[in-house]
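[1] Structure for this input, please:
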Amino acid sequence: FNSLQVAALRPPALKAIIPIFATDRRYTDDVHFGGGVRRGIDFLDYPLNMVAMNALPPVPSVFGEGWREEWRRRVEANPPWELRWFVEQDEGEYWLHGSVFIDYDAIEAATMIIAGHADGYHNMAFRTFEALKGPRRLLFGAWSHMSPRLSMPGPRIDHVPEMIRWWDRWLRGTENGVDAEPPIQMFVRRSTRPEPDLDSYRGHWQAEPTWPPERMRLDRRALASASEVAVAGMTAPPDATHELVVRGDVGVTGSIWCAAELPFGPPWDQRADEAFSITYTWPPLASELEIMGHPSVELMVTSDAPVAFVSVKLCDVFPDGTSALVTRGILNLTHRDSHASPRPLEPGTRSRVRIELDATSWIWEEGHGVRLDLAGADFPSSWPPPGVSTLTVESGASELVLPVLEGPSPVEPPVFAPGEDVPFMRADDLPVWRVEEDVLRRERRVVIDNFWEAERETGITGSGRSGGAISVSTTDPGNTWATGGSTYELRFPEVTVKTVSHGTLRTTPSEWHLELELEVSEGDEVWFERRWERRIPRHLQ
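    Numbering: from 1, shown residues only. Purely as a prediction, here's the structure:
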């Protein structure tokens with residue numbers, strides 16, 4: 001993030017950057033919002049982690065005398081970032097600050113973008129690469145929000161030599177040929193059975209000389225051309241208008257928008273969620289189908305509520321029925337016009353919307369089917385809509401648009417040094433990741449918990465824990481809550497310090513209710529405690 005933002009300021013000494021898992025647009029593609037919808041289970045991770053992490057002290061041996069005074073000053077002067085994030089519910093100046101998509105031309109430094117399919121920060125990859133005018137390169141693997149050397153899923157590569165080659169060329173001026181190679185190196189995934197702890201995708205590395213590739217065409221598929229249509233598990237005619245009663249708990253099998261270390265794993269079989277979605281499935285393919293870029297869906301849709309979401313998932317259906325998630329997107333329909341401020345829906349009014357799905361590449365193998373899933377929620381990745389509603393989709397006026405590649409790449413594929421062979425976790429090392437059904441309370445809940453320990457060469461050791469639960473009513477999406485926290489303990493040679501955060505977020509159809517707590521200790525003494533509470537109106541969320 002910082003490398004992009006600093007490059008846009010054009011400091012004379014900055015000649016090259018390598019943004020890894022970054023965003024060019026902080027509102028649409030970051031940990032706070034996606035498609036105009038607030039993120040969901042992320043509340044239990046980064047926001048609460050930062051409440052505790054920002055309260056840690058400077059390293060005593062580095063800062064020197066006065067480190068305790070500086071620590072106290074930091075803690076007392078820095079309220080949780082989450083307090084501001086909940087005020088800024090639309091894409092205003094707060095989010096536009098640091099969003100380089102406003103003026104790509106400001107970036108002149110040679111830029112090598114590293115992105116991953118399972119990582120959430122990949123949508124900037126194609127659009128930023130295409131917009132930049134200077135030297136540029138895109139390295140796009142299968143990775144989650146982890147080092148490409150260690151990522152689960154893989155395949156893993158050692159990306160460090162590739163970074164060094166970039167620095168050597170643009171900082172040292174070494175003529176090493178990196179700027180003469182095809183600038184796009186892409187891992188193309190192919191039909192892979194989904195698992196929540198998938199080790200590696202099937203597929204191959206591929207190079208492309210230009211973006212978009214000259215061999216790309218747009219395959220437009222009317223939803224009415226699907227061979228099979230189901231609405232909440234019931235067969236429906238393809239060319240009809242389809243109505244879906246929105247459930248707030250749909251989306252669990254899609255996992256989180258940004259996979260990382262477990263318990264934030266990749267998606268698994270989508271069929272459980274498809275039972276409460278509208279699904280359009282095309283006939284099994286007679287030959288392989290390859291896509292690369294951003295698929296999109298153009299819908300004629302109606303809602304009977306003033307605030308409604310549309311979740312879109314593009315899937316690969318195996319011959320045995322297994323449904324693997326290829327890419328996804330979500331749109332708050334009040335944001336239906338990207339050039340205007342959000343505005344409430346007029347219930348019953350038809351809206352034509354375009355939903356761009358996440359950047360991807362995928363090959364459907366022969367005999368597999370293309371499937372599109374539509375729902376009104378994507379829980380727990382996104383916070384559910386504020387109330388019960390019905391979505392109506394006109395299949396005859398709606399279509400799926402696929403960026404299809406025809407024929408082989410005209411250039412040779414890249415070759416990389418392998419990453420590390422990551423051993424599978426032992427059963428007693430596994431974090432907590434559960435999906436629970438509270439039958440009598442009519443609630444669906446996702447529970448996570450993870451513990452870590454680390455030792456530094458400096459003699460500093462640390463440990464921590466983070467997690468919690470997020471729950472939604474199966475009968476009223478507006479009734480949703482999440483509660484959890486984070487703990488950090490650092491053991492310096494001089495002292496042991498500990499910070500603990502706790503937070504709860506609840507919603508009604510009209511209000512966010514946020515509670516945050518922080519406790520800071522030195523040794524066994526708690527010397528700082530504070531609690532924040534906010535009630536904030538839901539602004540078209």
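[2] Can you give me the pLDDT of the residue lying farthest from the centre of the chain?
    For the chain, the largest distance from the centre (Cα atoms, centre = their mean) belongs to residue 65, which lies 41.9 Å off. With respect to pLDDT, residue 65 scores 94.
[3] From residue 460, how far off is it?
    19 Å (Cβ to Cβ, to the nearest Å). All C-beta spots, glycine's among them, are computed from the backbone N, C-alpha and C.
[4] again with residue 109
    For residue 109, the distance to residue 460 - Cβ to Cβ - is 34 Å.
[5] And the two? Which one has more around it.
    residue 109 (22 against 15; other Cβ atoms under 10 Å).
[6] buried stuff in stretch 289-296?
    Judged by neighbour count (16 or more other Cβ atoms under 10 Å), stretch 289-296 contains these buried residues: 289-296.
[7] Please identify which of the residues you listed is nearest to residue 438.
    Using Cβ to Cβ, residue 295 comes nearest to residue 438 of the buried residues of stretch 289-296, at 35.7 Å.
[8] Please name the nearest non-neighbouring residue to that closest one.
    Distance criterion Cβ to Cβ, 6 or more residues apart in numbering; nearest residue to residue 295, sequence neighbours excluded, is residue 357 at 4.5 Å.
[9] how close does that neighbour get to residue 293?
    Taking Cβ to Cβ, one finds residue 357 at 10 Å from residue 293.
[10] returning to what we had before: can you read off the pLDDT for the residue nearest to residue 295?
    Predicted confidence (pLDDT) for residue 357: 97.
[11] what ranges of the protein fall below the confidence cut-off?
    338-340, 424-428 (pLDDT under 70).
[12] the helices in it, which residues?
    Using DSSP state H, the helices of the chain run over residues 2-7, 46-53, 60-63, 67-77, 81-85, 93-96, 124-131, 160-167, 271-274.
[13] Counting by contacts, list what the fourth one packs against.
    Going back to what we said before, that points to helix 67-77. The elements that helix 67-77 packs onto, with contact taken as 3 or more Cβ pairs under 8 Å, 6 or more residues apart in numbering; DSSP states H and E, are strand 511-522, strand 525-537.
[14] Leaving out chain neighbours, which residue sits closest to residue 135?
    Residue 135 sits nearest to residue 110 (Cβ to Cβ, 6+ apart), 3.8 Å away.
[15] And for that neighbour, the neighbour number?
    Using other Cβ under 10 Å, the number of residues around residue 110 comes to 23.
[16] so what's it bridging to?
    On the basis of DSSP bridges, residue 110 takes part in beta bridges with residue 16.
[17] tell me the contacts of it?
    The neighbourhood of residue 110, defined by Cβ atoms under 8 Å, 6 or more residues apart in numbering, consists of 15-17, 134-136, 166, 169-170.
[18] what does residue 389 give?
    245-246, 303-305, 308, 376.
[19] cool, and residue 14?
    Neighbours of residue 14 in contact, by Cβ under 8 Å, 6+ apart: 6-7, 109.
[20] Same check on residue 441?
    residue 473.
[21] now with 7 Å?
    If a contact means Cβ atoms under 7 Å, 6 or more residues apart in numbering, then residue 441 has no contacts.
[22] With residue 534 instead?
    Residue 534 makes contact with 83, 86, 514 under the criterion Cβ under 7 Å, 6+ apart.
[23] a markdown table for the helices and strands packed on helix 67-77, including distance to residue 150?
    Formatted as a markdown table, those follow (distance: least, Cβ to Cβ, whole Å):
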| stretch | distance to residue 150 |
| --- | --- |
| strand 511-522 | 31 |
| strand 525-537 | 35 |
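[24] Buried deepest among these, which one?
    Mean neighbours per residue, mean count of other Cβ atoms under 10 Å, is largest over the helices and strands packed on helix 67-77 for strand 511-522, with a mean of 18.
[25] what about the strands in the stretch 151-300 of the chain?
    For the stretch 151-300 of the chain, applying DSSP state E, counting those that start in this stretch gives strands covering 184-190, 203-208, 216-222, 228-231, 234-236, 241-245, 278-281, 289-293, 296-303.
[26] Adding distance to residue 430, write those strands out as CSV.
    CSV is the format used below for those (distance: least, Cβ to Cβ, whole Å):
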stretch, distance to residue 430
strand 184-190, 25
strand 203-208, 27
strand 216-222, 40
strand 228-231, 35
strand 234-236, 37
strand 241-245, 35
strand 278-281, 32
strand 289-293, 34
strand 296-303, 36
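[27] Can you check which of these gets nearest to residue 422?
    Per Cβ to Cβ, nearest to residue 422 of the strands of the stretch 151-300 of the chain: strand 184-190, 16.8 Å.
[28] what sits up against the closest one?
    Counting by Cβ under 7 Å, 6+ apart, 117, 138-142, 155, 201-208, 211, 290, 292, 361-363, 365, 414 sit against strand 184-190.
[29] For it, which strands pair with it and how are they oriented?
    Take DSSP bridges as the rule and strand 184-190 pairs in its sheet with strand 136-141 (parallel), strand 203-208 (antiparallel), strand 360-364 (parallel).
[30] What residues does the residue lying closest to residue 392 once chain neighbours are set aside make contact with?
    Counting by Cβ to Cβ, 6+ apart, residue 392 lies nearest to residue 302, which is 4.2 Å off, once chain neighbours are set aside. Contact partners of residue 302, counting by Cβ under 7 Å, 6+ apart, are 348-351, 392.
[31] Repeat the analysis, applying 8 Å as the threshold.
    Counted by Cβ under 8 Å, 6+ apart, residue 302 has contacts 348-351, 391-392, 394.
[32] ok, and the most crowded of these?
    Counting neighbours by other Cβ under 10 Å, residue 391 leads the contacts of residue 302 with 23 neighbours.
[33] distance of it from residue 299?
    Using Cβ to Cβ, residue 391 is found at 9 Å from residue 299.
[34] and what of residue 489?
    Distance, residue 489 to residue 299, by Cβ to Cβ: 49 Å.
[35] When those two are compared, which one has more neighbours?
    Between residue 489 and residue 299, counting by other Cβ under 10 Å, residue 299 is the more crowded of the two (25 against 17).
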